[in-house]
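Engineer: Can you look at this prediction? I've put the sequence above it.
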Amino acid sequence: MTVTIYHNPACGTSRNTLAMIRASGEEPVVIEYLTDPLSRERLQALIAAAGLTVREAIRQKGTPYAELGLDDPSLNDDQLLAAMLAHPILINRPFVETPKGVRLARPSEIVLEILPNPDIGAFRKEDGEVVQPGEPRLG
């Protein structure tokens, strides 16, 4: 089974997600999308497969979102995608793809929904939070 993570190593959520994937026994294909940019078609496919709108897939925090005026509700998907491709930091992360589906793993434990072996035992995130697979998520 192939697991692919679209990863930003500077992001704690992305690092936690990668660690959870590895704790499940999988060694994923790691695509650092900031240095290995996605094509428009690939980005659109990931967003659609994750069941998100283009606007839901945009990261606002720590990005040029506001400076670029991307909060303008009149912008269409093509315009938003163009901004994400021009500034990949705008792509929310991490997207994870497995044969069981695609998820934007925010929070990181969402990745467990699509891993072949989600039983990773108690997992401690970088911030010390403990994730117990199988427990209902709040929120």
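Structural biologist: Looks like it arrived, so ask away.

Engineer: any idea what sits nearest Arg59, other than its immediate chain neighbours?
Structural biologist: Among residues not flanking Arg59 along the chain, Asn92 sits closest, at 4.2 Å (CB to CB, 6 or more residues apart in numbering). No exception for glycine: its C-beta is placed from N, CA and C like everyone else's.

Engineer: For that neighbour, give me phi and psi.
Structural biologist: Note on Asn92: backbone dihedrals following degrees, to the nearest 10 are phi -70, psi 150.

Engineer: likewise Val102?
Structural biologist: phi -130, psi 140.

Engineer: what's across from it in the sheet?
Structural biologist: Glu97 (DSSP bridges).

Engineer: That one: what's it in contact with?
Structural biologist: Neighbouring residues of Val102 by CB atoms under 8 Å, 6 or more residues apart in numbering: Leu46, Ala49, Ala50, Phe95, Val96, Ile114.

Engineer: pretty sure the residue nearest to Arg59 is in contact with Arg106, am I right?
Structural biologist: Yes - between Asn92 and Arg106 there is a contact under CB atoms under 8 Å: 6.8 Å.

Engineer: of these two, who's got more company?
Structural biologist: Asn92 (24 against 17; other CB atoms under 10 Å).

Engineer: List the contacts of the more buried one.
Structural biologist: Glu56, Ala57, Ile58, Arg59, Leu104, Arg106.

Engineer: do the same with Ala19
Structural biologist: Contacts of Ala19 (CB under 8 Å, 6+ apart): Phe123.

Engineer: ok, now with 10 Å
Structural biologist: Ala19 makes contacts with Ser108, Ile120, Phe123, Arg124, Lys125, Glu126, as judged by CB atoms under 10 Å, 6 or more residues apart in numbering.

Engineer: Drop anything exposed from the residues you listed.
Structural biologist: Buried by 16 or more other CB atoms under 10 Å: Ser108, Ile120, Phe123, Lys125, out of the contacts of Ala19.

Engineer: Show me the residues you listed that map onto strands.
Structural biologist: Here DSSP state E is the test, and those give Phe123 as lying in strands.

Engineer: ok so, going back, any chance of the contacts of Ala19 in TSV, plus pLDDT?
Structural biologist: Shown next, in TSV, are the contacts of Ala19 (pLDDT from 0 to 100):
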residue	pLDDT
Ser108	95
Ile120	91
Phe123	91
Arg124	92
Lys125	93
Glu126	93
